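below are the sequence and a predicted model for it; my questions follow.
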Amino acid sequence: MIDRAVRPELGAMVRPLHGGDVWDNPDVNDYSSNVNPLGPPPRLKDYINEAASDLHCYPDDCCARLKEAISSRYGVGMENIIVGAGSAELIRLFPEVFISPGDKVVMPRPTFAEYAFGCRLMGARLVDHVLPEEHDFALDVAELAAKLDGAKAVYICNPNNPTSRMVSRRDLLDLVAEAARKETLVFLDETLLELSSRSKELSLVQEVEGHENLFIIRSFTKSFAMPGLRVGYGFGPKAMLRYIDTARLTWNLGTIEQRVATRLMEEEQGHVERAVKMLEGEKRRMHARVESMMGKVPLPDSYFFFAPLGSLGISSTEFRRHMLHHGILVRDCSSFGGCCSNYTRFCIKTPDLNDEFLDALSCAVDDIAQGRS
Ligand SMILES: Cc1ncc(COP(=O)(O)O)c(C=O)c1O
């Protein structure tokens, strides 16, 4: 009976898979999720303790203080800001507000699985835009724009998860303008941009009020290495955010999350900047070493690697198992579909940890060459 009662969209769906599954592998060094390699700011625990008063009251449903902090950091009006329990909540909310059954949604592939999941849940008709493996998965914006006729929305992740490729500001603005002409909404995920050295140059956050079709998400998760506290935020034109804010869950952010995130936004930007500097240097150092063991690997645009496994002759799932054997968790990319089962994704951390990673990689490559399982 339940199978007949469930909404047809949900019947055939399975939950998306993600990296960071350390709860099954407690002693590993986690290279499968892309968070700030310096860890959370050292004062995070103080902020949490200080925030723990007033839990007998409901949280501020408007998140006013946090929005003020975001507003002054980005120079964007408070009415252009929404906050969520992780950017994951905003990814789910967007199709709940704008997608009706049968709506066409254009989705680059591969990309973060939650977008398609949220759209499918609302009955969207997804049109894939397959990113070309032969061009290192670079997004050709003109080709994407050519698919927008009759589309309700198009998704872009910049930099893209899992490919680590970035799209230029010019290309993004062209796409947003073309989408506006076709009455298509643009969902732009910048959650991975803040830890990239080109964040200021590529971000469209300051553009939202001038573009009626643009919605952007960001997150505290990556920048402050705190996936365990759920805080994300989004930017959009007032007219759009009015609807998204109406639809969101009441009290979606607890008092601790609101207060901690406000302190981080106001006082800990230096922590993010230090990480960005370190990641840039480590990326080049790691790239040379990784290529010497894995053959040709594209230099990531961003701060995580998407590396082909062709020269090792094994699948993403097998590679993950080999690395786990040496204490390192990497992302099994098979769930991204298509050719991704021939790629692995791993992040960049501090020099010491990266040395451990490179030693483990060398052992794993040796195991594979020797046929050890
Ligand atoms: C590209 C991208 N966007 C959004 C998210 C969701 O992050 P959070 O809900 O922690 O903000 C993730 C998490 O892995 C991600 O990789």
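Here it is on my side, so go on. This one's a predicted model, so the numbers in the text were calculated from it and none came from an experiment.

how does this protein divide into domains?
2-40+270-370, 44-268 (automatic domain parsing).

get me the contact residues on the stretch 151-300 of the chain for the ligand.
157, 161, 189, 191, 192, 219, 221, 227, 232 (C-beta under 6 Å from any ligand atom). Bear in mind the C-beta positions are built from the backbone N, C-alpha and C, glycine included.

do I have it right that the second one meets residue 112?
Yes: Residue 161 sits in contact with residue 112 when judged by C-beta atoms under 8 Å, with a separation of 4.7 Å.

give me the more crowded residue out of those two.
residue 161 (25 against 21; other C-beta atoms under 10 Å).

in a helix, the more buried one, correct?
No: assessed with DSSP: H, G, I helix; E, B strand; the rest coil, residue 161 is coil; it does not lie in a helix.

so who does it touch?
Contact analysis of residue 161 by C-beta atoms under 8 Å, 6 or more residues apart in numbering lists 34, 111, 112, 189, 192.

among these, which are in strands?
The strands, defined by DSSP state E, take in residue 189 from the contacts of residue 161.

out of the contacts of residue 161, which are buried?
34, 111, 112, 189, 192 (16 or more other C-beta atoms under 10 Å).

grab the two from these that are most spread out in space.
34 and 111 (14.1 Å; C-beta to C-beta).

re earlier: any chance of the buried ones among the contacts of residue 161 in a markdown table, with pLDDT too?
A markdown table is the format used below for the buried ones among the contacts of residue 161 (pLDDT from 0 to 100):
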| residue | pLDDT |
| --- | --- |
| 34 | 92 |
| 111 | 98 |
| 112 | 97 |
| 189 | 98 |
| 192 | 97 |
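
can you point out the buried residues in stretch 148-166?
148, 151-166.

the residue lying closest to residue 196 once chain neighbours are set aside: neighbour count?
Counting by C-beta to C-beta, 6 or more residues apart in numbering, the nearest residue to residue 196 once its immediate chain neighbours are dropped is residue 302, at 5.0 Å. Counted with other C-beta under 10 Å, the neighbours of residue 302 add up to 25.

and residue 78, what does it touch?
64, 67, 68, 71.

pull up the gap between the third one and residue 262, please.
According to C-beta to C-beta, to the nearest Å, residue 68 and residue 262 sit 8 Å apart.

and those two? which has more neighbours close in?
Each of residue 68 and residue 262 has its neighbours counted (other C-beta under 10 Å); residue 262 has more, 21 against 15.

hmm, back to that, what residues do residue 161 and residue 112 have in common as contacts?
Common neighbours of residue 161 and residue 112, using C-beta under 8 Å, 6+ apart, are residue 189.
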